[in-house]
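K.L.:
Build the 3D model from these lines:
(2 chains)
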Amino acid sequence: MSPLVKIENLCKSFGNSDVLKDISLEIKKGEVMCIIGPSGSGKTTLARCINFLETCDSGKITVGNDLIGFKELNGKIIPLNETKTSKQRRNIGMVFQKFNLFSHLNALENITIGPTKVLGTDVKESIDEAKDLLKRVGLEEKCYSYPSQLSGGQQQRVAIARALAMKPILMLFDEPTSALDPETVGEVLEVMKELANGGMTMIIVTHEMGFAKEVADKVVMMDHGQIVEIGSAEKIFSNATNPRTKAFLEMML
Amino acid sequence: MGNLNLDIPFFFEYLFNPPDILLYGVWLTISIAFVAQTLGVIGGLFVALLRMSQRWWLRELGKLYIWIFRGVPLLVQLVIVYTGVAAAGLYKYPDIVIGPFTLSGPMQAAILALSLHEAAYMAEIFRAAISSIDRGQFDAARAVGMSPFTAMRWIILPQAIRIVIPPLGNEFTLMIKGTSLLAIIGIRELFGTIQQLNAATFRTFELFVIAAIWYLILITIMGFIQKHVEAYYSKHELPAEQNFKKKYKSRNLLSNNR
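P.N.:
Residues are numbered from 1 along each chain as shown, chains lettered A, B, ... in the order given. Prediction:
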């Protein structure tokens, strides 16, 4: 089976600092991949490159049948404009560290605005779907609350529901629990676990080692913009071979 | 002091039993201010988008517009747009008939000049409002697959418009006062009407105190409406609203910097 996401020789720099150096990865449909590593190692930038929120300098990213941000024409690779790129992003859900819920809309509207304004889904239908999604993340009674009236954990669960409403084939999580109070981390991880069990393909940038160990099919260890080690959760957490991975895990666990 | 020349009965007669032309002048002041403010808001949004465009020449065009229309006094703009243009034989405003209303040349020039001037100020307000919205809102809009237009229309502008309401109220009060300049091109709004009555009666003090009272009434009603609109929206404050207050200093009503 060909991989759902294929990243080939991805490079990216901000000014003089190389943030991503020749990253290549493959993720199969239904796989959960956790990306771990010290801060500043390029994990977030990698996640943001996958849905083209960040433009890579060189390399190729394919999600499903889409070459992200570009198109191939007669053997040449041509950049797409923002409107065309936005069409590719419909298939890729993203959850941010700081939730980024639309602050002028209530929970329900946050979820329905994507389907109604982007996909053209019928309003009634999308409200029903949004209510189902809110139920799934355990927030059916918070339909009409505004983001400012929700706790961090609740906001993040609404953000997950918002991403799911677009029926994505891939979900990206950029440190989804890093901005949360410790007591609300669990509720968000629980939702993510259920999602993983339901067969969603997920790429998760995280510092939650316990979660990665339990849920990940593949763990990628990054440092200084490079992939240091890659393997099953068992291999990375019990038999890491690279000294940098060992040192990092010792510090985290 | 010598001979005091005050006609108290005249004052109260005009205050409590205003002639129709005075009421018409008040009506004209309100309607011109309203139309010009509305057009100014639309134009201001457009100029703000130019000012924040990805293309450098559109940005420079926006900057140039703001520089000119904020830099030149409104009175000078007004005379150029109406009297100047006609005197040079460049353009003569034809009467525009809309149903039962006729929009005269001076009226068109007045609305044009006030709107163009106001658009420059509104552009800066919109720009500050849009730039006070967190980057994360743009990211999230893009991440759900919104095109730049859709994101602007449904995510960014609704937040920006809410932030813009308090300074917009401020701008509208300035606009009401600004219409008093229109007398120079012969429009009989509140100030122009008072001048006309003054020419017939020479009761300058009494009449202009009456004008002052009318302006205060209009401004007070505006302030009252503004307070209620703001209270309605402050039920859940947007994070961007706090940012905005740091980025934009509104034109002070007390220091007359028109």
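K.L.:
Okay, strands next: where are they in the stretch 1-150 of chain A?
P.N.:
Remark: strands assigned in the stretch 1-150 of chain A by DSSP state E, counting those that start in this stretch are A:5-14, A:17-27, A:32-36, A:58-63, A:66-67, A:70-73, A:76-79, A:92-95.
K.L.:
With respect to chain B, which of those strands lies nearest?
P.N.:
Of all the strands of the stretch 1-150 of chain A, strand A:92-95 sits nearest to chain B, with 4.0 Å by Cβ to the nearest Cβ. In this view, the C-beta of every residue, glycine as well, is placed from N, C-alpha and C.
K.L.:
Just want the most central residue of chain A.
P.N.:
In chain A, the C-alpha nearest the mean C-alpha coordinate belongs to A:Leu172, at 1.1 Å (Cα atoms, centre = their mean).
K.L.:
wait, what's in contact with it?
P.N.:
Counting by Cβ atoms under 8 Å, 6 or more residues apart in numbering or on different chains, A:Leu172 makes contact with A:47, A:50-51, A:92-95, A:202-203.
K.L.:
Poorly predicted segments of the stretch 1-150 of chain B, please.
P.N.:
In the predicted model of the stretch 1-150 of chain B, residues B:1-2 satisfy pLDDT under 70.
K.L.:
Same check on chain A?
P.N.:
Residue ranges of chain A with pLDDT under 70: A:1.
K.L.:
Apply 80 and report the result again.
P.N.:
A:1, A:253 (pLDDT under 80).
K.L.:
distance of the residue nearest to B:Ile219 when sequence neighbours are not counted from chain A?
P.N.:
Residue nearest to B:Ile219 in three dimensions, not counting chain neighbours: B:Thr173, with 5.2 Å by Cβ to Cβ, 6 or more residues apart in numbering or on different chains. Noted for B:Thr173: a distance of 26 Å to chain A, by Cβ to the nearest Cβ, to the nearest Å.
K.L.:
which helix in the chain runs the most residues?
P.N.:
Defaulting to chain A. Longest helix of chain A, by residue count under DSSP state H: helix A:182-197.
K.L.:
oops, chain B please
P.N.:
Scanning chain B for the longest helix, with DSSP H as the assignment, gives helix B:20-51.
K.L.:
What residues sit buried inside that helix?
P.N.:
B:22, B:25-26, B:28-30, B:32-33, B:36-37, B:39-41, B:43-51 (16 or more other Cβ atoms under 10 Å in any protein chain shown).
K.L.:
Tell me the helices and strands packed up against it.
P.N.:
Contact partners of helix B:20-51 among helices and strands, from 3 or more Cβ pairs under 8 Å, 6 or more residues apart in numbering or on different chains; DSSP states H and E: helix B:56-71, helix B:105-131, helix B:157-178, helix B:190-201, helix B:204-233.
K.L.:
What lies in contact with the first one?
P.N.:
In this structure, residues lying in contact with helix B:56-71 by Cβ under 8 Å, 6+ apart are B:47-48, B:50-53, B:77, B:116-117, B:119-121, B:123-124.
K.L.:
contacting residues for A:Tyr146?
P.N.:
Counted by Cβ under 8 Å, 6+ apart, A:Tyr146 has contacts A:103, A:105-107, B:236.
K.L.:
So which of these sit within helices?
P.N.:
Filtering the contacts of A:Tyr146 for helices - DSSP H - leaves A:Ala107.
K.L.:
Would you convert the helices and strands packed on helix B:20-51 into a markdown table that also reports mean neighbour count?
P.N.:
Converted to a markdown table, those look like this (neighbours: other Cβ atoms under 10 Å in any protein chain shown):
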| stretch | mean neighbour count |
| --- | --- |
| helix B:56-71 | 14 |
| helix B:105-131 | 23 |
| helix B:157-178 | 21 |
| helix B:190-201 | 18 |
| helix B:204-233 | 14 |
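K.L.:
and the gap between A:Ser13 and A:Cys56?
P.N.:
10 Å (Cβ to Cβ, to the nearest Å).
K.L.:
Number of residues surrounding A:Asn197?
P.N.:
A:Asn197: 10 surrounding residues under other Cβ atoms under 10 Å in any protein chain shown.
K.L.:
Check the gap between it and chain B for me.
P.N.:
Distance of A:Asn197 to chain B, given as Cβ to the nearest Cβ: 24 Å.
K.L.:
And the helices in chain A?
P.N.:
Using DSSP H, helices in chain A cover A:43-50, A:82-89, A:107-114, A:123-136, A:152-164, A:182-197, A:209-215, A:233-239, A:243-252.
K.L.:
looking at those helices, which is closest to A:Asp66?
P.N.:
helix A:82-89 (4.7 Å; Cβ to Cβ).
K.L.:
Work out the gap between the closest one and the centre of the chain.
P.N.:
Here the centre of helix A:82-89 is set off from its chain's centre by 17 Å, with Cα atoms, centre = their mean, to the nearest Å.
K.L.:
Enumerate the positions of stretch A:187-200 that are buried.
P.N.:
So for stretch A:187-200, counting by 16+ other Cβ under 10 Å, buried means A:187-189, A:191-192, A:195-196, A:200.
K.L.:
do stretch A:158-173 as well
P.N.:
Going by 16+ other Cβ under 10 Å, stretch A:158-173 has these buried residues: A:158-166, A:168-173.
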